[in-house]
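**Q** Coordinates only, no sequence provided:
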């Protein structure tokens, strides 16, 4: 089995490739839920939705969030009656928030309603939230500590980042399906998708059961750099790295993740960093990591899987 | 002061006329809330919305519910993910349900959030729910006792009606603004809008404070017949009357309401009933009661107000 850890767009796109290459019995996609929040009475799980929508082929390719062929009449009407409109909820997108909120209020777990929704979207691979209880990223900034979506959407990532806290992670309730996988001893590799190291991947690893599993593993961990040519293809990862004193490069990410990643997948644009990373004791695969269509996702996924297998057999 | 009691479309259309004729200091519109229900996690108040949307000029004239220029992408997406779609919620319409639900959950009363919403829609006249606590119509039918929207929307009023219950009416919490009006002694007339006698007007009167007020009044009560030429212009009032053994005519409504209405406004189409109704000791005004545009609403409202004044001075 292979477990992929994913945040939003980058994670979702690699998940699409991995799902094209690996069967639902082999691949499980574990998704960050620390961006989740309650807004307008809805339980909103941005990364779960991005992964689901992308796997289902209904994601909005332009925005990186929400659905394709979306309309905004709810938002327009909400503005007219004085509701909060800083977080955009499309008319089609609302359906998922409404059903999820209803299910949670009726006592279903986030993983249960995610499974139901994913099935209805025709997704065959398990998409599993990292936690069934609330874990919430708090961003320490020069404007004080902010709730994640306040920082990310309302303030458009403008405040200068000083650190992060993942409230609730120590008591996180790992979904039963993920616990079974962790305890099965059958996982052969973990793939860290090209998602934000600080606010997508770190929260997943902050869940004690998941973090301990990764530390005590007997399988390789492969990471795909979310920084390509010195920039994050989506989101504020590069800005965060600079603000936290890291170089906003693939090498900066390698150093940030440190010991626990065995193999790195970096883009051709960063080929010159291969040697330096290898000198840190890491295996490196240089390839095209920019996934701007499904076939590129599939091609990258194939290489990542082959890389993981090679590392696994060498271990 | 004049108080109008209103349900959905017919009530809303007369309210528009009354609002054009009477100042916000003079006219208060009290609206049935016994159709209200919780659906998909939303607190939905169909009659309040119909009255608000109609007063604001954003109602859908074709359906009698919901908003004009509506889109349905939320519903389409909800259907795709397996949600309940028997109760149609338009994309724009959702904004009101979301804000109302949020406000109620935060502890606001239905009358408070209604006031906020009405103000945001530019409505100057007080629109007041009959109760701040839940009153729910249950319809006794040949298919058993049904929740109102189950009977009305899901089953399209097909079951044969045997009676009604208004659960919660005895303990209904009359909004403070309505209590002040009732206790002020300043009301000069109550206008019963052409709304369904059984499921729009009866629930309002089933609230003890309101019912007792109407029984002990010193002002005239004027009713506009919701049955014109033997049919209800909207909704199942005529079908209900037949099923309950009443004649589905303006006269049937007069007999149903009985003693407590002093003056009746009936349509030209029913002019032949004038004498019979007068013989029951009622004043009768025959006029055009079909309000298919704003100017007709205003014209009818003017006549209703003059009729009420004439009856009031004669009392």
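**A** Received the coordinates, thanks. A quick note: this is a predicted structure, and the numbers were derived from the prediction, not measured.
**Q** Ignoring the adjacent residues along the chain, who's closest to the residue of the stretch 201-315 of chain A found nearest chain B?
**A** Residue of the stretch 201-315 of chain A nearest chain B, by Cβ to the nearest Cβ: residue A:294 (20.8 Å). Every residue, glycine included, has its C-beta placed from N, CA and C. Excluding the flanking residues, the one nearest residue A:294 by Cβ to Cβ, 6 or more residues apart in numbering or on different chains is residue A:16, at 6.0 Å.
**Q** Mind checking what helix or strand follows the helix or strand harbouring the one you found in sequence?
**A** Element membership of residue A:16 [criterion: DSSP states H and E] is helix A:9-21. Note on helix A:9-21: by DSSP H and E, the next helix or strand toward the C-terminus is strand A:27-31.
**Q** Look up phi and psi at the residue of the stretch 201-315 of chain A closest to chain B.
**A** Main-chain torsions, residue A:294, degrees, to the nearest 10: phi -60, psi -40.
**Q** For it, give me its contacts.
**A** The contact partners of residue A:294, taken as Cβ atoms under 8 Å, 6 or more residues apart in numbering or on different chains, are A:16-17, A:20.
**Q** ok, residue A:189 to chain B distance?
**A** According to Cβ to the nearest Cβ, to the nearest Å, residue A:189 and chain B sit 32 Å apart.
**Q** Same question for residue A:149.
**A** Counting by Cβ to the nearest Cβ, the separation of residue A:149 from chain B is 16 Å.
**Q** Can you classify that residue as helix, strand or coil?
**A** helix (DSSP: H, G, I helix; E, B strand; the rest coil).
**Q** Hmm, it is touching residue A:34, no?
**A** No. Between residue A:149 and residue A:34 there is no contact under Cβ atoms under 8 Å: 10.8 Å.
**Q** More neighbours: the two, which one.
**A** Using other Cβ atoms under 10 Å in any protein chain shown as the criterion, residue A:149 and residue A:34 rank with residue A:34 on top: 29 against 21.
**Q** Please state the backbone phi and psi of the more buried one?
**A** phi -80, psi -10.
**Q** Measure how buried the closest residue to it other than its chain neighbours is and give me the count.
**A** Counting by Cβ to Cβ, 6+ apart, residue A:203 is the residue found nearest to residue A:34 once chain neighbours are left out, at 3.5 Å. The local packing of residue A:203 (other Cβ under 10 Å) involves 30 other residues.
**Q** Tell me if residue A:203 really is in a helix.
**A** Yes. Under three-state DSSP, residue A:203 falls within a helix.
**Q** OK, contacts around it?
**A** Going by Cβ under 8 Å, 6+ apart, residue A:203 touches A:32-34, A:130, A:135, A:137, A:166, A:169.
**Q** most neighbours, which of those?
**A** residue A:32 (32 neighbours).
**Q** Please tell me I have it right and it contacts residue A:47.
**A** Yes. Taking contacts as Cβ under 8 Å, residue A:32 lies within contact range of residue A:47: 4.7 Å.
**Q** Need the overlap of contacts for these two.
**A** Residues touching both residue A:32 and residue A:47 (Cβ under 8 Å, 6+ apart): A:6-8, A:11, A:200.
**Q** Now the buried members of the residues you listed.
**A** Taking 16 or more other Cβ atoms under 10 Å in any protein chain shown as the criterion, what is buried in the shared contacts of residue A:32 and residue A:47 is A:6-8, A:11, A:200.
**Q** quick one: least confident of those residues?
**A** When these are sorted by pLDDT, the bottom entry is residue A:8 at 88.
**Q** give me the number of residues near the residue lying closest to that residue once chain neighbours are set aside?
**A** Distance criterion Cβ to Cβ, 6+ apart; nearest residue to residue A:8, sequence neighbours excluded, is residue A:50 at 4.6 Å. Other residues near residue A:50 come to 28 when the count uses other Cβ under 10 Å.
**Q** so who does residue A:50 touch?
**A** A:8-9, A:11-12, A:59, A:64-65.
**Q** Out of those, which one has the weakest pLDDT?
**A** Within the contacts of residue A:50, pLDDT reaches its minimum at residue A:64, with 83.
**Q** Does that one belong to a helix, a strand or coil?
**A** Here residue A:64 takes the coil state, with states given by three-state DSSP.
**Q** From chain B, how far out is the residue nearest to it when sequence neighbours are not counted?
**A** Leaving out its chain neighbours, the residue that sits closest to residue A:64 by Cβ to Cβ, 6+ apart is residue A:9, at 4.2 Å. Distance, residue A:9 to chain B, using Cβ to the nearest Cβ: 21 Å.
**Q** so residue A:9 touches residue A:66, yeah?
**A** No. With contact defined as Cβ under 8 Å, residue A:9 does not reach residue A:66; the gap is 11.3 Å.
**Q** These two: which has the busier surroundings?
**A** Between residue A:9 and residue A:66, counted using other Cβ under 10 Å, the more crowded position is residue A:9 (27 against 20).
**Q** how about the helices of the stretch 51-200 of chain A, start to end?
**A** Counting by DSSP state H, counting those that start in this stretch, the stretch 51-200 of chain A has these helices, from start to end: A:73-80, A:93-105, A:110-120, A:148-149, A:176-184.
**Q** Of these, give the one that comes closest to residue A:220.
**A** Residue A:220 sits nearest to helix A:176-184 of all the helices of the stretch 51-200 of chain A, at 16.1 Å, using Cβ to Cβ.
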